[in-house]
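Undergrad: Just the structure for this:
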Amino acid sequence: MKLTLSNWKKAYVLFKDSDLIMLKPLKKGKRHCSLLLQNKEGFLYIDPLLGWTQIIFTKEKDTLKKFKKEYKILQTKFYGPSTKWYFFGFSCVGLIKKILGIRKFWILTPSQLYRFLNNH
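TA: Just a heads-up that it's a prediction; the model follows:
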């Protein structure tokens, strides 16, 4: 199976709280975000963490249901590739914006990303 973005039919952004001291100034409940992609083969979970990125593929059918217990989930779309380059930095928001093709430089925090996705 190829892991190109065109193979993934659905995308979900997952938001949750975090106990990291450096994230305390961010809005409670939306201090961290990760991404869940779905196709007919299963789910690909991408979680950009502080020192590394966790990537897990699973064929479990109830994956989304399991994540709903711990995360606030928004289904979204792929915004497409861009010919422009924007500095995203390496953060959970930056990686998710890059994968989804969101080119809004002003989206820096998980709560800003949540508002953008909720309105589009």
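Undergrad: for the chain, what spans make up the strands?
TA: For the chain, the strands defined by DSSP state E cover 10-16, 32-39, 42-48, 53-58, 72-76.
Undergrad: hey, which helix or strand in this structure has the poorest pLDDT?
TA: The weakest-scoring helix or strand in the chain, judged by mean pLDDT, DSSP states H and E, is helix 92-100 (a mean of 89).
Undergrad: Quick check: buried residues in that helix?
TA: Buried positions in helix 92-100, judged by neighbour count with 16 or more other C-beta atoms under 10 Å: Cys92, Val93, Gly94, Leu95, Ile96, Lys97, Ile99, Leu100. Every residue, glycine included, has its C-beta placed from N, CA and C.
Undergrad: Show me the beta-bridge partners of the nearest residue to Trp8 once chain neighbours are set aside.
TA: Excluding its sequence neighbours, the residue lying closest to Trp8 (C-beta to C-beta, 6 or more residues apart in numbering) is Leu37, at 4.1 Å. On the basis of DSSP bridges, Leu37 is bridged to Ala11, Leu44.
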